[in-house]
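>>> A structural model of the following input is requested.
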Amino acid sequence: MPVQIFSAFHNNSEYSPMYFRFEDGNHGIQMVEIKQILNYKEFYLRNIKFIRYLCKAQILNQETTLELIYNVSKHTWKMFDIQE
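Okay, here's the model as predicted:
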């Protein structure tokens with residue numbers, strides 16, 4: 001699911017997602033605060049750089065662990081693997 005991310009940029013040129021928003025099933029916009037980044041990892045797929053963030057967040061009053069994937073070349077984010 002594509003998401004819009006609000007992130008912090010650090011002095012060492014790294015960035016961390018802080019909030020994201022997405023459209024729910026009722027076509028409403030949900031704003032979600034990322035409570036904790038558990039880890040992150042850079043990887044390449046077909047010579048395209050991605051960054052994977054494993055995060056904890058609270059979505060619709062339920063704490064979940066989720067994956068946010070950043071496509072560095074397209075500057076796009078997607079949310080995957082929502083786990084309760």
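>>> how about the most centrally placed residue in the chain, phi and psi?
Nearest to the geometric centre of the chain sits Leu68, at 3.1 Å (C-alpha atoms, centre = their mean). When quoted as degrees, to the nearest 10, the phi and psi of Leu68 stand at phi -110, psi 130.
>>> show me where this structure dips below the pLDDT cut-off.
The model of the chain has pLDDT under 70 over residues 81-84.
>>> parallel or antiparallel, list what pairs with the top strand by length along it.
If each strand of the chain is counted by residues according to DSSP state E, the longest one is strand 29-45. Here strand 29-45 is paired, per DSSP bridges, with strand 15-23 (antiparallel), strand 48-59 (antiparallel).
>>> buried residues, that strand. List them.
Buried residues in strand 29-45, defined by neighbour count with 16 or more other C-beta atoms under 10 Å: 32, 34, 40. Quick note: C-beta positions are derived from backbone N, CA and C, even for glycine.
>>> contacts for it, please.
Residues outside strand 29-45 that contact it (C-beta atoms under 8 Å, 6 or more residues apart in numbering) are 16-24, 49-60, 63, 65, 68.
>>> so what's the gap between it and the chain middle?
The chain centre lies 4 Å from the centre of strand 29-45; the measure is C-alpha atoms, centre = their mean, to the nearest Å.
>>> again, but for stretch 45-52
Stretch 45-52 sits 15 Å away from the centroid of its parent chain (C-alpha atoms, centre = their mean).
>>> just stretch 11-19 next, same as before
12 Å.
>>> swap in stretch 13-21?
How far stretch 13-21 lies from its chain's middle: 7 Å, per C-alpha atoms, centre = their mean.
>>> touching it from outside, list them.
For stretch 13-21, the external contacting residues (C-beta under 8 Å, 6+ apart) are 3-10, 29-34, 37, 40, 53, 55, 57, 68, 70, 77, 79.
>>> got the buried residues for that stretch?
Neighbour count says stretch 13-21 has 17, 20 buried, by 16+ other C-beta under 10 Å.
>>> still on that earlier bit, partner residues bridging the spatially closest residue to the residue nearest to the centre of the chain that is not a sequence neighbour?
What sits nearest to Leu68 in space, not counting adjacent residues and going by C-beta to C-beta, 6 or more residues apart in numbering, is Tyr53, at 4.5 Å. Beta-bridge partners of Tyr53, counted by DSSP bridges, are Tyr40, Leu68.
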